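Q: Sequence plus the predicted model coming up.
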Amino acid sequence: MKKINLAITGCIGRMGQQLIKSANINKSFKIVALTESRKIDKKISGIKPKLNSAEAFKKASVIIDFTVPKCTIEILKIAAKQKKKVVIGTTGFTKREENLIKKFSKKIPILKAGNMSIGVNLLMYLTEIASGSLGKNFLSKIFEVHHKHKKDYPSGTALMLGQGVAKGQNKEFYSMIGKKYLNKKTFPYGKKINFNSIRKGEVIGMHEVTFSSGKEIITLNHESFDRALYSEGALAAAKWLTNKKSGLYSMRDLLDFK
């Protein structure tokens, strides 16, 4: 079977390193390019990293990107010109950047997910069902914990879960975003969705959605113990994307949740 030529951006980051490790043991892929936003003098996994450029990506069929929003948009500009498929695991996009991604997806296939874990995407699906079933009598809030190195908050996964709450109630997500807390021991429910993000230690990821009527509480949660969950999910997304036409896809499309 012919291997899929893969480019990995942000190759010295935590997810970049994990993606290299997972791709090297996955028989479906061949890493043809590693990139970073600055010059790297040493080889990584036998490959000399390059700056993000048309030259760097020319041999790749699929690009997997776990970087920062500004870098992702730059990569998409190159990918759109070269007709490359892109898997985006980057989080923290503004509404304007989200709209730019939608624009690029009219030219190339893009799969974007705030979390590549199968379990987390199932959690989002269950959140949507619960939100729709419970309705206006229940308020919701979202709690998440990540390692101390993570800069953005709420996490992309927390925002995904918020989108699940909004979709369940047929509401526009951005209009439902409430207060965003950082490192609070407790935080309140509100008429909108409030978020609390904890940054400590080396926690890989924990997410919790809570619904309360004031008389009862319903909690849905997920905890990650191994970063390989995300890299393996991203590789599954890259493989799935190889046969797709231009468009903006999610892990839900890959998993075929109804």
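A: Nice, I can see it.

Q: how about the strands in the stretch 151-258 of the chain?
A: Ranges of strands within the stretch 151-258 of the chain are 177-182, 193-199, 205-212, 217-224, 247-249, based on DSSP state E, counting those that start in this stretch.

Q: For residue 127, find the nearest of the ones you listed.
A: Closest approach to residue 127 among these (Cβ to Cβ): strand 205-212, 5.0 Å. Quick note: C-beta positions are derived from backbone N, CA and C, even for glycine.

Q: can you list the strands of the stretch 151-258 of the chain in JSON lines and add mean pLDDT and distance to residue 232?
A: Shown next, in JSON lines, are the strands of the stretch 151-258 of the chain (pLDDT from 0 to 100; distance: least, Cβ to Cβ, whole Å):
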{"stretch": "strand 177-182", "mean pLDDT": "97", "distance to residue 232": "30"}
{"stretch": "strand 193-199", "mean pLDDT": "98", "distance to residue 232": "25"}
{"stretch": "strand 205-212", "mean pLDDT": "97", "distance to residue 232": "15"}
{"stretch": "strand 217-224", "mean pLDDT": "96", "distance to residue 232": "12"}
{"stretch": "strand 247-249", "mean pLDDT": "97", "distance to residue 232": "18"}
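
Q: Now mean neighbour count too, for the ones you listed, in CSV please.
A: Shown next, in CSV, are the strands of the stretch 151-258 of the chain (neighbours: other Cβ atoms under 10 Å):
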stretch, mean neighbour count
strand 177-182, 16
strand 193-199, 22
strand 205-212, 20
strand 217-224, 15
strand 247-249, 17
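
Q: could you dump those strands to a markdown table with distance to residue 23?
A: Shown next, in a markdown table, are these (distance: least, Cβ to Cβ, whole Å):
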| stretch | distance to residue 23 |
| --- | --- |
| strand 177-182 | 34 |
| strand 193-199 | 28 |
| strand 205-212 | 21 |
| strand 217-224 | 19 |
| strand 247-249 | 20 |
